[in-house]
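A.B. asks: Starting from these lines, generate the structure:
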Amino acid sequence: MIQYMKVLLVLPEINSGCQWNVGLAYLAAVLKRGGHSVGLFEVNDWAADLPRFLAVIKNQQPSLVGLTANSHQFVYVKELAREIKKTADVFIAVGGVHAILKPESFVDETAIDAICVGEGEASFLELADRLAGGREYFDVKNFWFRKGKEMVKNELAPLAGDLDSLPMPDRTIFRYFAEPGKKTPRFIFSRGCPFECTYCCNHALKKIYKGPGGYVRWRSVELALREIEQLKSRYDFNYFKLDDDTFSLNKIWLKEFCEKLIKKNWGLTFECNIRPGTIDEEGTELLKEAGCRMVKIGIEAGNSDLRRRVLSRYFSDEDIIKTFALAKRFGIKTFSFNMIGVPEETSATIADTVKLNQEIRPDFMQVTAFYPYPLTVLGELCSAKGYIGGDSEDSYMEKSALTLPTISRREIERAVRNFKFNVYWAYNKKKALAEIGERLKKRVIKNPVLHQLAKWGYRGARKLSAILRHN
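C.D. replies: Numbers count the residues shown, from 1 in each chain. I've put the predicted structure just below:
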């Protein structure tokens, strides 16, 4: 008789607020196809959500809990595992990018029974099947297992070669899709990236997977369109986001996708990521005709020497300028990704990034403080040179994790805060002033004293203005 498991997946998203997790969505779909019961708990606010989470563990009594961890969340994952074990005797497995890149960081946490060190779908299903049937599981590939005081470290299974063999990712488990209202869904139709950017996890993952199968893979255009159509029939949306890192690289795939999307005549519009120098006039025109309204382009550093030598981003300023100009010529809005505070960063290189953005005039921007992810080239460099601070694990977006010899942490964080204003001021005063307004609003909301002063009207506003000018 076939036995099935009650599985609870857990998504920690403290200080991140993500809409969904594609890995968990695929994992849920595969487990459900295998007959298992699957639920999800999203931890947004530690203090508020932890008691509710433990109540779910106690009341639902899952047999298997799967926690996902990125490098910003893994400390919370370890604490969650400890709290779960205090509440119930349940098998706990962790996975995600951090577990793959740095599984040893979980070995000392005895509450964790298994660490998934590879792609999770087939291996996690096999683990669930074996646990449900009461069978031995210590030889399941892609996992490290705790066996008494030892860790059984199994070899990697080959990567999923045919992404079309996977079921559609299950978005129904996520709060965002359960709540009423209009949606802006995100899609990912590929896995892997062929480039060697030193700050990104992809080159580290490629080293781990050297040998067991092709690293860069795409789903078929037919299934990609079917997934969009499936969501379109279920949710109210007219705009979607394509999060593939490699969307503009596979020109045959891109052409087929755009041409077939045009024929569908769904009236949908979308945004996607493209890499400087990888798309020509024909490709840009196709994107426009298919409904693309914005392209998001990674610049990261405006200093060409820093970009090439430190980040291994091998394209020129001219490539960037041409790609932005091409999008604008076809009426497609532009979005630039920028990163401040990489090793060897100086006030002069930051100024170069500001100047390049002023020249290309993006409609929107993202700027973040560099974070040294484990096993990446820059992550290992920062660790070896002692650049990483003690509070680095939860650093995100505006906070630098580094103490560099070329620039102070405070200068990095100030540059991140002021970046958008400094860029917009050169060509869009209205947006620049709006950025200042948003920054002040966030500071006032976060600070109870400033918030109260703001409520006191004119007199409070004068005091508030004086405080902000001196900070």
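A.B. asks: C-alpha from now on. contacts and neighbour counts both.
C.D. replies: Fine.
A.B. asks: wait, what's in contact with K102?
C.D. replies: By C-alpha atoms under 8 Å, 6 or more residues apart in numbering, the contact set of K102 is P374, L375.
A.B. asks: same check, this time on L326
C.D. replies: Contact analysis of L326 by C-alpha under 8 Å, 6+ apart lists E281, T284.
A.B. asks: Could you pull up phi and psi at it?
C.D. replies: phi -60, psi -40 (degrees, to the nearest 10).
A.B. asks: next one: L64
C.D. replies: L64 adopts backbone torsions of phi -140, psi 130, taken as degrees, to the nearest 10.
A.B. asks: hey, what's it bridged with?
C.D. replies: Per DSSP bridges, the residues bridged to L64 are V7, F91.
A.B. asks: and it, how far is that from K147?
C.D. replies: According to C-alpha to C-alpha, to the nearest Å, L64 stands 17 Å off from K147.
A.B. asks: Wait, P103 touches G118, no?
C.D. replies: No - the criterion here is C-alpha atoms under 8 Å, and P103 misses it with G118 at 10.3 Å.
A.B. asks: Could you check which of the two has the larger neighbour count?
C.D. replies: G118 (24 against 19; other C-alpha atoms under 10 Å).
A.B. asks: Show me what the residue nearest to N21 when sequence neighbours are not counted bridges to in the sheet.
C.D. replies: The shortest distance from N21 to any non-neighbouring residue, by C-alpha to C-alpha, 6 or more residues apart in numbering, is to L11 (7.9 Å). Taking DSSP bridges as the rule, L11 bridges to E42.
A.B. asks: what about L11, how many neighbours?
C.D. replies: Residues lying near L11 (other C-alpha under 10 Å) number 21.
A.B. asks: Who has more neighbours out of L64 and K147?
C.D. replies: Neighbours per residue, other C-alpha under 10 Å: of L64 and K147, the larger number sits with L64, 20 against 11.
A.B. asks: from what I can see that one touches L31, true?
C.D. replies: No - under the criterion of C-alpha under 8 Å, L64 makes no contact with L31, lying 11.6 Å away.
A.B. asks: First-to-last residue distance for stretch 136-153?
C.D. replies: This stretch, stretch 136-153, spans 15 Å end to end (C-alpha to C-alpha).
A.B. asks: again with stretch 197-207
C.D. replies: The first and final residues of stretch 197-207 sit 13 Å from each other (C-alpha to C-alpha).
A.B. asks: Enumerate the positions of the strand or helix carrying V77 that are buried.
C.D. replies: For V77, the enclosing helix or strand under DSSP states H and E is helix 74-87. Neighbour counts over helix 74-87 (16 or more other C-alpha atoms under 10 Å) mark F74, Y76, V77, K78, L80, A81, R82, E83, I84, K85 as buried.
A.B. asks: Same question for stretch 271-290.
C.D. replies: Neighbour counts over stretch 271-290 (16+ other C-alpha under 10 Å) mark 271-279, 283-290 as buried.
A.B. asks: Need the CA coordinates for that stretch. PDB is fine.
C.D. replies: Provided in PDB are the C-alpha atoms of stretch 271-290 (Å, rounded to 0.1, in the frame of the first residue of the first chain):
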ATOM      1  CA  GLU A 271       9.200  43.300 -18.700                       C
ATOM      2  CA  CYS A 272      12.400  41.200 -19.000                       C
ATOM      3  CA  ASN A 273      16.100  41.200 -18.300                       C
ATOM      4  CA  ILE A 274      18.600  41.700 -21.100                       C
ATOM      5  CA  ARG A 275      22.400  41.900 -21.100                       C
ATOM      6  CA  PRO A 276      24.300  44.800 -22.800                       C
ATOM      7  CA  GLY A 277      25.500  43.900 -26.300                       C
ATOM      8  CA  THR A 278      23.300  40.700 -26.600                       C
ATOM      9  CA  ILE A 279      20.300  42.100 -28.500                       C
ATOM     10  CA  ASP A 280      20.100  43.800 -31.900                       C
ATOM     11  CA  GLU A 281      17.600  46.000 -33.600                       C
ATOM     12  CA  GLU A 282      15.600  43.000 -34.900                       C
ATOM     13  CA  GLY A 283      15.400  41.500 -31.400                       C
ATOM     14  CA  THR A 284      14.400  44.800 -29.800                       C
ATOM     15  CA  GLU A 285      11.600  45.400 -32.400                       C
ATOM     16  CA  LEU A 286      10.300  41.900 -31.700                       C
ATOM     17  CA  LEU A 287      10.200  42.500 -28.000                       C
ATOM     18  CA  LYS A 288       8.300  45.700 -28.600                       C
ATOM     19  CA  GLU A 289       5.700  44.000 -30.900                       C
ATOM     20  CA  ALA A 290       5.300  41.100 -28.400                       C
END
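A.B. asks: Show me the shaky parts of the stretch 251-400 of the chain.
C.D. replies: Per-residue confidence for the stretch 251-400 of the chain (pLDDT under 70) gives these ranges: 390-396.
A.B. asks: can you give me the strands for it?
C.D. replies: 269-274, 292-300, 333-340, 364-369 (DSSP state E, counting those that start in this stretch).
A.B. asks: Including distance to G379, could the ones you listed go into CSV?
C.D. replies: Converted to CSV, the strands of the stretch 251-400 of the chain look like this (distance: least, C-alpha to C-alpha, whole Å):
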stretch, distance to G379
strand 269-274, 24
strand 292-300, 16
strand 333-340, 15
strand 364-369, 14
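A.B. asks: picking up where we left off before, closest one to D319 out of the buried residues of helix 74-87, please.
C.D. replies: The closest of the buried residues of helix 74-87 to D319 turns out to be F74 (C-alpha to C-alpha; 37.3 Å).
A.B. asks: Give me the nearest residue to that closest one, chain neighbours excluded.
C.D. replies: In space, F74 is closest to H98, 7.3 Å off (C-alpha to C-alpha, 6+ apart).
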